[in-house]
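K.L.:
sequence first, predicted model second:
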Amino acid sequence: MAINLLPTNLVAQAPVVKFANTLKKIVTAGFSIFILAGLIVGSYYLVNYFTIRTSLTKQEALKTNIKALEQTEQKFFLTKDRLEKIKIALGLESADKNLEKLEKFLPVVSQSVTISEAQISSKNTEISVIARSSDALTSFMGNLVTTDVFKTIDLTSFGFNPVNGYFITVEVN
Amino acid sequence: MLTPTKTEEKFALGPNLKTLALPLAASAILIVLVIVFFQIALSKITSQTEEIAKTKKEENVLSAKLSFLSQAESQIGSQSEALTLYLPDKNPALSLIAQIKNLASPYTLTIENIKVGVENKESGVSKVDINFDVDGPTSAILNYLKSLKSAMPITTFSRVKITGVTEVVRASVTLSGFWSPLLTTIPAISEPIKELTSEEKSLIDQIASFSRPPFSKITPTNPLPRGNPFE
């Protein structure tokens, strides 16, 4: 049995020595885990680095191919731009819709009435009609209502002349 | 036996502390290293992940753009040409007058009093009004006006006034023509392409079927040799 000749005040206490040994083991394990984690993180970093580099190389190749199709690209953007502007122009206020409505309505107008004037604007259509008889006038008014072409019909003037018959003006929309 | 002096005793580390010094310092170093390393690693990996997402996105945009352009190469040329004829980059008054006269001949209509108005700009497109009178039967005039709508360049009717009680009536028409300058810049190469919608495609097909103006570009001719009036 070994005899400790050192004075007791120069030797560390047993629980302290035990704690120090445990701490040493923990630190050693910690360093090992730290190095392992460092390696994993480093590898992950490298993998990501090469992924980015590959993607950038691919992008450069794609850009070169796109540049070869530059004329097609320009034409495509020109097409897009023209379409946008065409939509603007077609969307502006015009008499087109009212003209279409009148085109739909005119074939149903009977021969007994004469359309003396038709003014088509972006807001409405003004139709002046001469009807020889009241029957012709009734039929014209009936057609205006039944054809379902116009949403609103305003009778703006009404006149009668024994020679020519009835003169009416309607504002339709 | 040597005994420590009073000063040495005061500054000497105790045996407990001596035993603990090395493990404690090592653990402090480990903690500092872990904190510093993970902070740097975390920021690097976060920025790398963001960069990967960005580059992948750009790569996808570019491949989509390339495949779209390769497929569209054959069609896009004729489409853009038709659209540029329909909405030209310069005042189309001359082409419009030519169309007004040309399209009237199949219906044997008489065109008179053609007047070109002043140019004005409306929400991104320039506009010019052309006034003219057309004489003929009502049905022929209406068909003629319809044919103007399906002709190039683009037109809209501002006002139409049809007068007359006989077979032959007169229509006083105010037609609007439009134009807009061409694009001077195209978006960056990495910008994604917004493909044409089905509505836009059908509009292009419709426009492509419209009758083209008799001339789209007036090319200057070389001066002709002058004839000798005395021969």
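P.N.:
Received it, and whenever you're ready, just let me know what you need.

K.L.:
the strands in chain A, which residues?
P.N.:
A:113-120, A:125-131, A:153-161, A:165-172 (DSSP state E).

K.L.:
also chain B?
P.N.:
Counting by DSSP E, the strands of chain B are B:110-122, B:125-137, B:155-163, B:168-179.

K.L.:
how about CSV for these, with distance to chain A added?
P.N.:
All C-beta spots, glycine's among them, are computed from the backbone N, C-alpha and C. CSV is the format used below for the strands of chain B (distance: least, CB to the nearest CB, whole Å):
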stretch, distance to chain A
strand B:110-122, 6
strand B:125-137, 5
strand B:155-163, 4
strand B:168-179, 4
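
K.L.:
worst average pLDDT in those?
P.N.:
Mean pLDDT is lowest for strand B:110-122 among those, at a mean of 91.

K.L.:
which positions in that strand come out as buried?
P.N.:
Neighbour-count burial for strand B:110-122 flags B:111, B:116, B:117 (criterion: 16 or more other CB atoms under 10 Å in any protein chain shown).

K.L.:
got a list of what the closest residue to the second one other than its chain neighbours touches?
P.N.:
For residue B:116, ignoring the flanking residues on the chain, the nearest one in space by CB to CB, 6 or more residues apart in numbering or on different chains is residue B:93 at 4.9 Å. Residues counted as contacts of residue B:93 (CB atoms under 8 Å, 6 or more residues apart in numbering or on different chains) are B:116, B:128, B:130, B:177.

K.L.:
one step back: adding distance to chain B and mean pLDDT, write the strands of chain A out as a markdown table.
P.N.:
Shown next, in a markdown table, are these (distance: least, CB to the nearest CB, whole Å; pLDDT from 0 to 100):
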| stretch | distance to chain B | mean pLDDT |
| --- | --- | --- |
| strand A:113-120 | 4 | 92 |
| strand A:125-131 | 7 | 93 |
| strand A:153-161 | 14 | 92 |
| strand A:165-172 | 11 | 93 |
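
K.L.:
returning to that earlier point: please identify which of the buried residues of strand B:110-122 is nearest to residue B:182.
P.N.:
residue B:116 (22.5 Å; CB to CB).

K.L.:
isn't the closest one right up against residue B:100?
P.N.:
No. Judged on CB atoms under 8 Å, residue B:116 makes no contact with residue B:100 at a distance of 10.9 Å.

K.L.:
quick one: contacts for residue 87?
P.N.:
You didn't say which chain, so I picked chain A. Residue A:87 sits next to residue B:203 when contact means CB under 8 Å, 6+ apart.

K.L.:
looking at chain B here, not the other one
P.N.:
So residue B:87 contacts A:82, A:85, A:86, A:89, B:125, B:153, B:154, B:178, B:179, B:180 (CB under 8 Å, 6+ apart).

K.L.:
and it, how close does it get to residue A:90?
P.N.:
Noted for residue B:87: a distance of 10 Å to residue A:90, by CB to CB, to the nearest Å.

K.L.:
for these two, list the residues in contact with both.
P.N.:
With CB under 8 Å, 6+ apart, residue B:87 and residue A:90 have common neighbours residue B:154.

K.L.:
related to what we said a few turns ago, out of the contacts of residue B:93, which is nearest to residue A:52?
P.N.:
residue B:177 (53.4 Å).

K.L.:
that's all I had, so thanks and see you.
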